[in-house]
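**Q** Structure for this input, please:
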Amino acid sequence: MATDHDTMHGHAGMNRLHDYVRHWNRRQAQADAAIGPTRRLTWATLAEAIDACAAGMIAAGVQRGDRVAMLATPGPDFLVNFLATAAIGGIWAGLNPRYTDPELDAVIARIGPRLVFSAAAIEARDYRDWIANLPAAIQAIDLDGGRPPTDRFMPLSSFLAAGASTTPVQREDRYRQTRPSDPCLIVFTSGSTGTPKGAMISHAALVGTSKVQLQAWPADPLRVLNNLPINHIGCVGDLCCYSLVGGGATIFTPRFDPAASLAAIGDEQVTVWGQVPTMFQLTLDAPEFEPDRLASLQLAFWGGAHAAPELVSRLHGLAPRIATSYGQTETVGSVTFTAAQAGPAALSETVGRVVPPYRIRIVDAEGLTLDNGEEGEIQVYTPFGMSGYWNDPQATANVMTADGWQRTGDVGTFTPEGDLKLVGRVHDVFKSGGYNIRPAEIEAALATHPAIREASVVGVPDPLYGAVAVAFVVAAGTPPPADALREYLRDRLANYKIPKRFVFIDALPRLAVGKIDKQSLRTRAGTG
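**A** Got it, this is the predicted structure:
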């Protein structure tokens with residue numbers, strides 16, 4: 001029997017993303033589905049574009065379980081590419097345009113895609129040399145089409161034209177073969193140690209978490225602003241799939257830009273605005289900001305970091321509801337949500353309460369459940385979690401408990417009212433402007449510098465970014481200039497990972513067991 005929930009957001013048997021494309025195409029073919037600065041798609045034209053892209057992928061030899069990667073900005077083209085890959089049983093991965101060439105190469109080596117779709121340039125950066133050096137087994141498709149075609153680099157128009165060899169019967173057969181449990185997305189997430197892990201996410205997980213979010217955060221009409229990077233679960237899941245399952249319109253801007261956000265909200269009558277707190281603060285501080293431009297908003301929500309009380313106060317009054325939530329890439333969607341009438345303290349100090357079908361427990365180091373008010377690791381029970389880490393069964397096993405709960409690595413506690421309060425990380429990963437920062441990765445990069453003997457990186461609170469990295473460095477001789485270190489790291493790390501400060505010291509403080517005393521460094525960094 002269908003529940004009210006299923007009646008509102010599609011039939012109970014609709015557990016694949018392309019089921020929803022077809023459902024809304026039947027129900028509201030001419031309604032807005034995806035809008036960008038240069039391309040607008042209704043549900044009818046979105047369905048047509050997905051079919052054409054899927055036919056091209058089949059013609060290019062993409063089989064069930066094959067990977068497709070894309071290096072691009074958020075927009076209708078990205079959405080079509082992702083949904084086409086998912087519909088034919090492929091697994092899609094967004095590439096981070098801010099990654100250095102070696103970081104991009106590492107992701108490509110990990111997932112081994114059959115196809116890579118790439119813009120020739122994004123903002124001031126040209127990717128053509130990187131594309132030219134991709135492994136020969138990978139077919140690269142030029143999203144811009146500004147160069148003569150080669151065997152190595154196919155224009156998107158030629159790729160789509162080649163799809164004419166795929167018959168509708170072949171395409172429909174592939175759509176039918178795709179199962180709700182099939183992984184359709186890989187999102188790389190930084191863990192506490194080691195290399196980033198690729199979380200595999202299924203159709204059913206994206207659909208299930210979207211239905212929960214639609215219940216927690218309804219809007220009518222549903223018109224969602226999306227300016228988050230395509231390699232992030234926030235872009236693909238929290239915004240795109242939420243809108244897709246709910247039959248809404250996704251309004252894209254190619255990148256976060258306060259003026260562009262304000263223009264899109266006003267011009268396209270956006271009703272749902274989701275950002276990390278840093279983005280909200282920068283937008284509210286922009287010269288173009290006028291409260292009247294946000295008159296269409298029904299909901300403004302944030303994730304990825306706490307919002308300062310001052311920011312919560314500023315957001316009040318800009319939308320009928322402001323909210324926050326808690327989730328991870330591994331949980332696919334949010335598992336807690338602040339109540340509709342949450343006060344300033346709950347919004348700035350907690351991430352709300354767990355909602356069905358999720359459960360949360362706080363445990364100690366031995367795995368014993370703690371009482372409210374006691375701090376421990378947050379563990380989540382969800383039917384919509386990730387399918388596991390790509391090609392990493394050990395990491396997958398490590399994140400699951402024997403009784404089927406996910407270890408989050410986050411430390412938290414329940415308030416007397418039952419709200420979840422985040423305290424920190426079991427390890428020392430921190431978020432800066434919504435991005436995960438893994439100190440071990442920065443430390444490893446610094447260690448390769450010939451003038452550095454040892455380095456330790458900590459996160460310290462920052463009013464704009466939530467936290468920033470500070471590097472404590474022991475030089476091998478004369479300390480190199482900080483600007484030289486930044487330039488050195490730019491060739492090895494994405495710019496958001498580069499420390500905001502470098503502090504040169506004679507020796508790193510250590511605990512009795514010989515480990516670096518990071519708490520001492522955090523204290524020093526916070527007062528430096």
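
**Q** Next, count neighbours for residue 154.
**A** Around residue 154 there are 22 other residues, counting by other C-beta atoms under 10 Å. Quick note: C-beta positions are derived from backbone N, CA and C, even for glycine.

**Q** ugh, wrong one, I meant residue 251
**A** Residue 251 is flanked by 27 other residues according to other C-beta under 10 Å.

**Q** where does the host helix or strand of residue 250 sit relative to the chain's centre, distance-wise?
**A** In this assignment (DSSP states H and E), residue 250 forms part of strand 249-252. Mean-position distance between strand 249-252 and its chain equals 16 Å (C-alpha atoms, centre = their mean, to the nearest Å).

**Q** Which other helices and strands does it contact?
**A** Secondary-structure packing of strand 249-252 (3 or more C-beta pairs under 8 Å, 6 or more residues apart in numbering; DSSP states H and E): strand 32-35, helix 76-87, strand 223-226, helix 242-245.

**Q** got a list of contacts for it?
**A** For strand 249-252, the surrounding residues in contact (C-beta atoms under 8 Å, 6 or more residues apart in numbering) are 31-37, 74-76, 78-79, 221-227, 239-240, 243-244, 264, 268, 270.

**Q** Next, the residues that contact the helix or strand just after that strand from outside, please.
**A** Of the helices and strands lying after strand 249-252 in sequence (DSSP H and E), the nearest is helix 258-267. If you take C-beta under 8 Å, 6+ apart as the criterion, helix 258-267 is touched by 225, 227, 251, 253-254, 270, 273, 279, 282-283, 285-286, 288-290, 293-297.

**Q** what's the answer for stretch 286-302, then?
**A** By C-beta under 8 Å, 6+ apart, the list of residues contacting stretch 286-302 from outside reads 217, 219-220, 223, 258-259, 262-263, 265-266, 269-277, 280, 283, 315, 317-325.

**Q** Now list the buried members of those.
**A** 217, 219, 223, 258, 262, 265, 270-277, 280, 283, 315, 318-319, 321-325 (16 or more other C-beta atoms under 10 Å).

**Q** From these, which land in strands?
**A** Secondary structure from DSSP state E places 223, 272, 273, 274, 275, 321, 322, 323, 324, 325 of these in strands.

**Q** buried stuff in the helix ranked longest in the chain?
**A** Ranked by number of residues, the top helix in the chain under DSSP state H is helix 43-59. For helix 43-59, the neighbour count (16+ other C-beta under 10 Å) marks 43-47, 49-59 as buried.

**Q** Roughly how far does the residue most central in space within the chain sit from residue 272?
**A** Nearest to the mean C-alpha position of the chain, by C-alpha atoms, centre = their mean, lies residue 232 at 1.9 Å. Using C-beta to C-beta, to the nearest Å, residue 232 is found at 17 Å from residue 272.

**Q** tell me which element residue 116 falls in.
**A** Going by DSSP H and E, residue 116 is in strand 115-118.

**Q** And for residue 162?
**A** For residue 162, the enclosing helix or strand under DSSP H and E is helix 156-162.

**Q** Low-confidence regions, the stretch 201-350 of the chain specifically.
**A** By pLDDT under 70, the stretch 201-350 of the chain has no low-scoring segment.

**Q** which residues sit against stretch 461-470?
**A** With C-beta under 8 Å, 6+ apart, stretch 461-470 has contacts from 276-278, 281-282, 304-306, 308, 430-434, 437, 439, 442, 457-460, 497-503, 521, 525-526, 528.

**Q** Give me the mean pLDDT for that stretch.
**A** Taken as a whole, stretch 461-470 has a mean pLDDT of 92.

**Q** again, but for stretch 119-132
**A** Computed over stretch 119-132, the mean pLDDT rounds to 92.

**Q** measure that stretch end to end?
**A** Taking C-alpha to C-alpha, to the nearest Å, stretch 119-132 runs 13 Å from one end to the other.

**Q** for that stretch, the distance to its chain's centre please.
**A** With C-alpha atoms, centre = their mean, you get 22 Å for stretch 119-132.

**Q** Just the buried positions in it, please.
**A** Quick answer for stretch 119-132 (16+ other C-beta under 10 Å): 119, 120, 122, 127, 128, 130, 131.

**Q** Contacts for it, please.
**A** In contact with stretch 119-132 (C-beta under 8 Å, 6+ apart) are residues 71-73, 97, 101, 104-105, 116, 118, 140, 142-144, 146-147, 152-153, 255.

**Q** circling back to that earlier point, please pull up the helix or strand immediately following the longest helix of the chain.
**A** Following helix 43-59 in sequence order, the next helix or strand is strand 67-71 (DSSP H and E).

**Q** Now that following strand: buried residues?
**A** The neighbour-count check on strand 67-71 (16+ other C-beta under 10 Å) flags 67, 68, 69, 70, 71 as buried.

**Q** between the buried residues of helix 43-59, which is nearest residue 356?
**A** Using C-beta to C-beta, residue 43 comes nearest to residue 356 of those, at 29.7 Å.

**Q** Please look at the residue nearest to the centre of the chain and residue 187 and confirm they touch.
**A** Yes - counting by C-beta atoms under 8 Å, residue 232 does reach residue 187; the two are 7.1 Å apart.

**Q** Work out the sheet partners of the strand holding residue 250 and label each with its direction, please.
**A** If you go by DSSP bridges, strand 249-252 pairs up with strand 32-35 (parallel), strand 223-226 (parallel).

**Q** Just the CA atoms of the first one, as CSV, please.
**A** Taking C-alpha atoms only, strand 32-35 is exported to CSV below (Å, rounded to 0.1, in the frame of the first residue of the first chain):
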residue,chain,number,x,y,z
ASP,A,32,11.1,23.7,-15.4
ALA,A,33,13.6,20.9,-14.5
ALA,A,34,17.1,22.4,-14.8
ILE,A,35,18.1,26.0,-15.5
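
**Q** Please enumerate residues in contact with it?
**A** Residues contacting strand 32-35 (C-beta under 8 Å, 6+ apart): 24, 40-43, 45-46, 75-76, 79-80, 223, 249-252, 268.

**Q** Next up, the contacts around residue 46.
**A** By C-beta under 8 Å, 6+ apart, the neighbours of residue 46 are 21, 25, 33, 34, 76, 79, 80, 83.

**Q** so can I have a markdown table of these showing pLDDT?
**A** Shown next, in a markdown table, are these (pLDDT from 0 to 100):
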| residue | pLDDT |
| --- | --- |
| 21 | 98 |
| 25 | 98 |
| 33 | 98 |
| 34 | 98 |
| 76 | 98 |
| 79 | 98 |
| 80 | 98 |
| 83 | 98 |
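
**Q** Nearest to residue 395, out of the residues you listed: which one, please.
**A** Closest to residue 395 out of the contacts of residue 46 is residue 83 (28.0 Å), distances taken as C-beta to C-beta.
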